[in-house]
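Enquirer: Kindly generate the corresponding structure for this input.
(one chain, ligands or ions: 1)
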Amino acid sequence: MRLHRNLVDAVVDGFMQINNDGLYADKVIERLLKRDKRWGSKDRAFIAETLYELVRYKRLYTEIAQEKAPFTVQSSRRVFAVWAVLRGITLPEWYFEGTPERRIKGRFDELSRVRAFRESVPDWLDALGVAELGEETWGEELHALNQQAAVVLRVNTLKIDRETLRAQLAKEGYETELLEGYPDALQLKKRANVFLSEAFKQGLFELQDTSSQRVAPLLLGAWNPSQGSLKVADCCAGAGGKTLHLAALMGGKGKIVAMDIYPQKLEELSRRAKRNGAYNIEARLIEAKYLKRQRGTFDRVLIDAPCSGLGVLRRNPDTKWKLTPEFLQEIRQTQAQLLAQYSLLVKEGGNLVYATCSILPSENEQQVQHFLASEAGKRFTLVEQHKISATQGYDGFYMAALRVNSEQ
Ligand SMILES: C[S@@+](CC[C@H](N)C(=O)[O-])C[C@H]1O[C@@H](n2cnc3c(N)ncnc32)[C@H](O)[C@@H]1O
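Expert: Next up, the predicted model:
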């Protein structure tokens with residue numbers, strides 16, 4: 001592979017923005033890719049993938065390079081040089097002066113014996129992972145979470161069926177494959193920016209990982225349209241990934257109240273709903289008065305809770321460096337509060353799903369156990385729960401379905 005100076009400059013620049021200014025990698029990359037219109041898809045892929053690798057393995061690479069934040073152009077180049085040497089890429093002398101290749105490889109062999117360096121995580125997080133999951137599982141999960149994520153689409157069945165979409169995407173140059181057990185999913189055979197496709201602009205699909213695609217079917221359970229329409233609350237709807245899936249599975253019928261505490265997210269949700277042709281969604285900011293009025297009136301309630309995001313490190317590797325023990329503690333408290341508060345919305349005979357994109361038992365099954373033992377949880381029974389490990393190839397996820405006991 002030959003390195004092009006303007007591409008390496010973009011990576012170095014992005015590395016400094018992410019690490020010195022605390023910006024999110026995806027946002028930095030999105031902006032960087034707009035810098036030069038002449039860049040083709042390979043150039044863009046080089047910038048994006050290299051930057052993600054540098055974020056994923058930040059601890060390992062910076063330790064080998066013996067560099068620390070705040071990074072200068074020179075020190076960022078030295079970190080980049082570590083990445084390149086470990087990939088066997090020849091570095092041009094005029095740009096990287098005197099890179100110590102042998103020392104880099106030697107340090108890599110040494111540091112790779114220690115998991116926190118090899119998989120690049122802060123010590124506190126490594127210790128927490130071991131305490132929660134055990135040495136072996138934590139090591140395997142971390143390794144899996146450092147791989148590149150697959151690009152999975154969810155067919156918007158309100159507008160098109162999977163085979164027709166597959167054919168349309170193929171015509172546009174995007175080859176996809178089916179995934180067993182996921183009736184609405186298509187996986188790209190080769191990474192590509194599918195947001196540029198006509199099919200996306202027409203609202204024929206959304207990007208949604210397979211693990212996340214399991215949540216809406218779990219919430220709807222055995223329900224089918226002949227049983228009448230449903231009233232559903234999506235309490236942590238965000239920009240609506242799961243709301244849109246619910247709308248499609250409900251055939252655009254019934255009603256979904258999509259709530260969040262951030263108006264910007266709900267605005268994005270409404271834009272996406274329009275593109276998807278999903279007209280049974282009411283987006284509303286969380287409001288105590290509304291929650292009180294609607295107590296016990298929903299057939300289904302989804303709590304897709306805010307969490308550590310440790311299950312989606314493939315997509316957001318920055319999380320490793322932004323997460324703190326204090327934030328984790330706070331988010332666990334929030335999760336418990338949301339369960340206590342939003343579970344009140346479920347009516348007699350109704351169902352609740354609690355989900356997170358975390359792999360930590362303290363955010364998942366322990367929260368559910370704690371809830372079931374609480375006053376608000378007394379009327380519920382656990383129906384089923386799924387702990388999806390990242391070693392299965394997709395996002396690490398947790399979801400539990402609870403039902404209101406009918407005898408009460
Ligand atoms: C995991 S994300 C939701 C992702 C979304 N359901 C999807 O599928 O795209 C969690 C959401 O919870 C929201 N949130 C945080 N605190 C909340 C609260 N107290 N009540 C409701 N939503 C909250 C966040 O703004 C965030 O959008």
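Enquirer: When you work out contacts or count neighbours from here on, use the C-alpha atoms and nothing else.
Expert: Fine.
Enquirer: quick one: residue 173 and residue 188, what's the gap?
Expert: Using C-alpha to C-alpha, to the nearest Å, we find residue 173 at a distance of 11 Å from residue 188.
Enquirer: Between the two, which is the more surrounded one?
Expert: residue 188 (18 against 12; other C-alpha atoms under 10 Å).
Enquirer: Name all residues that make contact with that one.
Expert: Contacts for residue 188 (C-alpha atoms under 8 Å, 6 or more residues apart in numbering) come out as 150, 151, 152, 153, 174, 175, 176, 177.
Enquirer: Among those, which ones are in strands?
Expert: Counting by DSSP state E, these place 152, 153, 176, 177 in strands.
Enquirer: quick one: average confidence on the helix or strand hosting residue 164?
Expert: Per DSSP states H and E, residue 164 falls inside helix 162-171. For helix 162-171, mean pLDDT is 98.
Enquirer: which other residues reach it?
Expert: By C-alpha under 8 Å, 6+ apart, helix 162-171 touches 155, 175, 176, 184, 185, 186, 197, 199, 204.
Enquirer: go again using 6 Å as the cut-off
Expert: residue 155 (C-alpha atoms under 6 Å, 6 or more residues apart in numbering).
Enquirer: Would you indicate which residues of that helix are buried?
Expert: Neighbour-count burial for helix 162-171 flags 162, 165, 166, 168, 169 (criterion: 16 or more other C-alpha atoms under 10 Å).
Enquirer: now do stretch 17-32
Expert: Applying 16+ other C-alpha under 10 Å to stretch 17-32 flags 17, 18, 19, 24, 25, 26, 28, 29, 32 as buried.
Enquirer: Spell out which parts of the stretch 51-200 of the chain neighbour the ligand.
Expert: Not one residue of the stretch 51-200 of the chain sits near the ligand, judged by C-alpha under 6 Å from any ligand atom.
Enquirer: Going along the chain, name the helices of the stretch 51-200 of the chain.
Expert: Using DSSP state H, counting those that start in this stretch, the helices found in the stretch 51-200 of the chain span residues 58-65, 73-86, 101-111, 115-118, 123-133, 135-145, 162-171, 198-201.
Enquirer: Comparing the ones you listed, which comes out most buried?
Expert: helix 58-65 (a mean of 23; mean count of other C-alpha atoms under 10 Å).
Enquirer: how far off helix 73-86 does that helix point, in degrees?
Expert: 100 degrees (axes from the mean of the first three to the mean of the last three C-alpha atoms, to 10 degrees).
Enquirer: Check which helices and strands helix 58-65 sits against.
Expert: Judged by 3 or more C-alpha pairs under 6 Å, 6 or more residues apart in numbering; DSSP states H and E, helix 58-65 is in contact with helix 73-86.
Enquirer: So for the residue most central in space within the chain, what pLDDT did the model give?
Expert: Among the residues of the chain, the one closest to the centroid is residue 312, at 4.2 Å (C-alpha atoms, centre = their mean). Confidence at residue 312, expressed as pLDDT, is 98.
Enquirer: wait, it sits on residue 393?
Expert: No. Using C-alpha atoms under 6 Å, residue 312 makes no contact with residue 393, being 11.3 Å away.
Enquirer: Tell me which residues are up against the longest strand along the chain.
Expert: In the chain, taking DSSP E as the definition, the longest strand is strand 346-356. With C-alpha under 6 Å, 6+ apart as the test, strand 346-356 has contacts from 219, 296-305, 397-404, 406.
Enquirer: Recalculate using a threshold of 8 Å.
Expert: Contacts of strand 346-356 (C-alpha under 8 Å, 6+ apart): 215, 218-219, 295-307, 309, 339, 343, 363-364, 368, 397-406, 408.
Enquirer: Show me which residues of the stretch 201-350 of the chain are close to the ligand?
Expert: So the stretch 201-350 of the chain meets the ligand at 235-242, 260-262, 304-306 (C-alpha under 6 Å from any ligand atom).
Enquirer: Out of these, list just those in helices.
Expert: Judged by DSSP state H, helices contain the following of these: 241, 242.
Enquirer: Switch the residues of the stretch 201-350 of the chain next to the ligand over to a markdown table; also include pLDDT.
Expert: Shown next, in a markdown table, are those (pLDDT from 0 to 100):
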| residue | pLDDT |
| --- | --- |
| 235 | 98 |
| 236 | 98 |
| 237 | 98 |
| 238 | 98 |
| 239 | 98 |
| 240 | 98 |
| 241 | 98 |
| 242 | 98 |
| 260 | 98 |
| 261 | 98 |
| 262 | 98 |
| 304 | 98 |
| 305 | 98 |
| 306 | 98 |
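Enquirer: quick check, nearest of the residues of the stretch 201-350 of the chain next to the ligand to residue 1?
Expert: Using C-alpha to C-alpha, residue 241 comes nearest to residue 1 of those, at 37.7 Å.
Enquirer: Next, the contact list for residue 226, please.
Expert: Here residue 226 is in contact with no residue (C-alpha under 8 Å, 6+ apart).
Enquirer: how would you label it: helix, strand or coil?
Expert: Under DSSP: H, G, I helix; E, B strand; the rest coil, the three-state class of residue 226 is helix.
Enquirer: Which pLDDT value goes with it?
Expert: Confidence score, pLDDT, at residue 226: 88.
Enquirer: Please apply the same query to residue 408.
Expert: For residue 408, pLDDT reads 47.
Enquirer: Next: residue 98.
Expert: On pLDDT, residue 98 comes in at 84.
Enquirer: And the helices in the stretch 251-400 of the chain, which stretches?
Expert: 263-276, 288-293, 319-322, 325-342, 365-372.
Enquirer: Now tabulate these in CSV and tack on mean pLDDT and mean neighbour count.
Expert: CSV is the format used below for the helices of the stretch 251-400 of the chain (pLDDT from 0 to 100; neighbours: other C-alpha atoms under 10 Å):
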stretch, mean pLDDT, mean neighbour count
helix 263-276, 98, 18
helix 288-293, 97, 11
helix 319-322, 96, 16
helix 325-342, 98, 16
helix 365-372, 98, 17
